[in-house]
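**Q** using only what follows, build the 3D model:
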Amino acid sequence: MKFRLRAFGLHLAASVGILSVLLAVLYAGWYRWPGWYVTGVVHVVTIMIAVDAALGPSLTLLIANPAKPRRELARDIGVVVAVQLVALVYGGTTLWQGRPLYYTFSEDRLEIVQASALLPEEVQRGLEQNPTLAPHWYSLPRWVWAPLPDDPEEQKRIMTSAVAEGQDVIDMPRYFRPWQDGLPELRKRLKKVDDLSIFARSEQRALKQRMTELGLPAEEPVTSFMMGREVRLLVVFDPATLAIRALLPPPEIHVRH
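**A** Predicted structure coming up:
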């Protein structure tokens, strides 16, 4: 039993160490709040932890029989490690491809833009026409303004595409502008929580209560909302500077995650 426990401990330490480094790098670079929440990656991370930090070492505990020939034992553990590596590569690739690149303000809302949403041709156009705000493989998340272009025909084309669930302006880095440039338009779009119909009445009441607890003006038009992958956030701005004061999930969704 001592041999099994030693093998289990070594395998667990190695698995947790590698997984921790990978997740720490991705979290520190791209998935800090609200990134992990609005991208909905919790289930991917859960699978990675279950396979790489729980299942793998547990299987080693079962198969690490000191009576086995060393070659057979090495083969069995190798199979377990191979499965772990597949899960690690799959999870890491999924997290990398889905990493947040932009938090955009466009029209009446804020939205996240993940790397997987940007078509290669749009990235190339961005690099050619708007290199300052275009994405590179190493780009960290940025807050940008994504207004519709001035050309009426291009506006119509983009809006038609967006309605048909095709590309929207937030998927076109060539049109992005600095966050500060969009603040005057953002100020016009801010509303009271009660006027944000995307939240149910019960959610509005709970969010206002949370704002009050945080010392935020719950009855003033200082809020907007952010859309993520099947989740929403209330975004609260400072009425004077328009700095973001809080990003609050509706309590029902927050509990579920």
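**Q** wait, what's in contact with Arg125?
**A** When contacts are counted by Cβ atoms under 8 Å, 6 or more residues apart in numbering, Arg125 is found next to 172-174. Using the backbone N, CA and C atoms, a C-beta is placed for each residue, glycine as well.
**Q** ok, those vs Gln84, which is closest?
**A** The nearest member of the contacts of Arg125 to Gln84, counting by Cβ to Cβ, is Pro173 at 36.4 Å.
**Q** give me the number of residues near Phe225?
**A** Counted by other Cβ atoms under 10 Å, the residues lying close to Phe225 total 20.
**Q** thinking again about what came up before, most neighbours of all the contacts of Arg125, which one?
**A** Pro173 leads the contacts of Arg125 on contacts (other Cβ under 10 Å) with 28 neighbours.
**Q** pull up the per-residue confidence for that one.
**A** Looking at Pro173, its pLDDT stands at 97.
**Q** might you report the residue contacts of it?
**A** 102, 118, 122-123, 125-126, 130, 133-135.
**Q** any chance of JSON lines for these, columns secondary structure?
**A** Listed next are the contacts of Pro173 as JSON lines, based on DSSP: H, G, I helix; E, B strand; the rest coil:
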{"residue": "Tyr102", "secondary structure": "strand"}
{"residue": "Leu118", "secondary structure": "coil"}
{"residue": "Glu122", "secondary structure": "helix"}
{"residue": "Val123", "secondary structure": "helix"}
{"residue": "Arg125", "secondary structure": "helix"}
{"residue": "Gly126", "secondary structure": "helix"}
{"residue": "Asn130", "secondary structure": "coil"}
{"residue": "Leu133", "secondary structure": "coil"}
{"residue": "Ala134", "secondary structure": "coil"}
{"residue": "Pro135", "secondary structure": "coil"}
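**Q** identify the farthest-apart pair in the residues you listed.
**A** Spanning the widest gap among the contacts of Pro173 are Tyr102 and Arg125, at 15.2 Å by Cβ to Cβ.
**Q** all helices of the stretch 51-200 of the chain, in order?
**A** For the stretch 51-200 of the chain, helices defined by DSSP state H, counting those that start in this stretch occupy the ranges 56-63, 70-97, 120-129, 152-163, 183-189.
**Q** output the ones you listed in a markdown table; the columns should cover mean pLDDT and distance to Ile49.
**A** Listed next are the helices of the stretch 51-200 of the chain as a markdown table, based on pLDDT from 0 to 100; distance: least, Cβ to Cβ, whole Å:
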| stretch | mean pLDDT | distance to Ile49 |
| --- | --- | --- |
| helix 56-63 | 84 | 11 |
| helix 70-97 | 90 | 9 |
| helix 120-129 | 96 | 32 |
| helix 152-163 | 93 | 36 |
| helix 183-189 | 97 | 38 |
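**Q** quick check: Pro92 touching Val21?
**A** Residue 92: Gly, not Pro. No: in this structure, Gly92 is not within contact of Val21 by Cβ atoms under 8 Å, at 10.8 Å.
**Q** more neighbours: which of these two?
**A** Gly92 (17 against 10).
**Q** state the distance from the residue sitting furthest away from the middle of the chain to Leu242.
**A** Distance from the centre of the chain peaks at Ala67, with 47.4 Å (Cα atoms, centre = their mean). Separation of Ala67 from Leu242 (Cβ to Cβ, to the nearest Å) stands at 69 Å.
**Q** just Ala7 next, same as before
**A** Ala7 sits 57 Å away from Leu242, going by Cβ to Cβ.
**Q** pretty sure Ala246 sits in a strand.
**A** Yes: counting by three-state DSSP, Ala246 falls inside a strand.
**Q** not counting its neighbours along the chain, what's nearest Pro217?
**A** Using Cβ to Cβ, 6 or more residues apart in numbering and skipping residues adjacent in sequence, the residue nearest Pro217 is Pro239, 6.8 Å away.
**Q** how about the secondary structure of the one you found?
**A** Three-state assignment for Pro239 (three-state DSSP): coil.
**Q** so what's the residue count around Leu59?
**A** Leu59 has 19 neighbours, counted by other Cβ under 10 Å.
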